[in-house]
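K.L.:
no sequence on this one, just coordinates:
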């Protein structure tokens with residue numbers, strides 16, 4: 001019996017000694033800006049918006065996302081260019097709107113964020129407080 005308890009102790013020791021390691025995000029990658037406009041949908045995704053609704057009506061019992069994607073992809077491939085034209089037109093319209101909003105976003109970002117450069121607001125505020133406290137001390141002397 002003594003041997004069986006030792007085996008159990010050894011196995012728990014092995015599992016306890018394992019450490020989980022989380023990989024850090026790449027250093028060079030910048031954080032995403034939540035205010036940046038999202039890219040527009042391609043013609044295929046515009047088509048899929050309508051196709052999903054139609055597929056749900058035709059197949060109410062099918063809950064598989066993969067089945068909808070496969071059926072949509074197969075139908076898209078089978079369509080001619082003239083059948084795809086309305087979806088391509090909608091996608092182009094969305095792309096033009098996106099370009100306008102992106103240009104406005106970039107203009108706003110360029111005019112507002114160039115002053116701070118790479119420093120975060122807390123770093124800038126800390127420096128201002130330090131400078132202000134030095135000036136106050138000089139005035140008191």
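P.N.:
Sure thing, it's come through. Computed from a predicted structure; not experimentally measured. Numbering: from 1, shown residues only.

K.L.:
what number of residues lie near residue 79?
P.N.:
13 (other CB atoms under 10 Å). C-beta coordinates here come from the backbone N, C-alpha and C atoms, glycine included.

K.L.:
ramachandran angles for it?
P.N.:
Main-chain dihedrals, residue 79, degrees, to the nearest 10: phi -80, psi 150.

K.L.:
got the contact list for it?
P.N.:
Counting by CB atoms under 8 Å, 6 or more residues apart in numbering, residue 79 touches no other residue.

K.L.:
again, but for residue 42
P.N.:
residue 91.

K.L.:
low-confidence regions, the chain specifically.
P.N.:
By pLDDT under 70, the weakly predicted segments of the chain are 1-27, 113-141.

K.L.:
please repeat the previous calculation with a cut-off of 80.
P.N.:
1-30, 112-141 (pLDDT under 80).

K.L.:
three-state assignment of the nearest residue to residue 105 once chain neighbours are set aside?
P.N.:
Spatially, and ignoring its direct neighbours in sequence, residue 105 is nearest to residue 37 (5.8 Å; CB to CB, 6 or more residues apart in numbering). Of the three states, residue 37 takes coil according to DSSP: H, G, I helix; E, B strand; the rest coil.

K.L.:
residue 37: neighbour count?
P.N.:
16.

K.L.:
much appreciated, bye for now.
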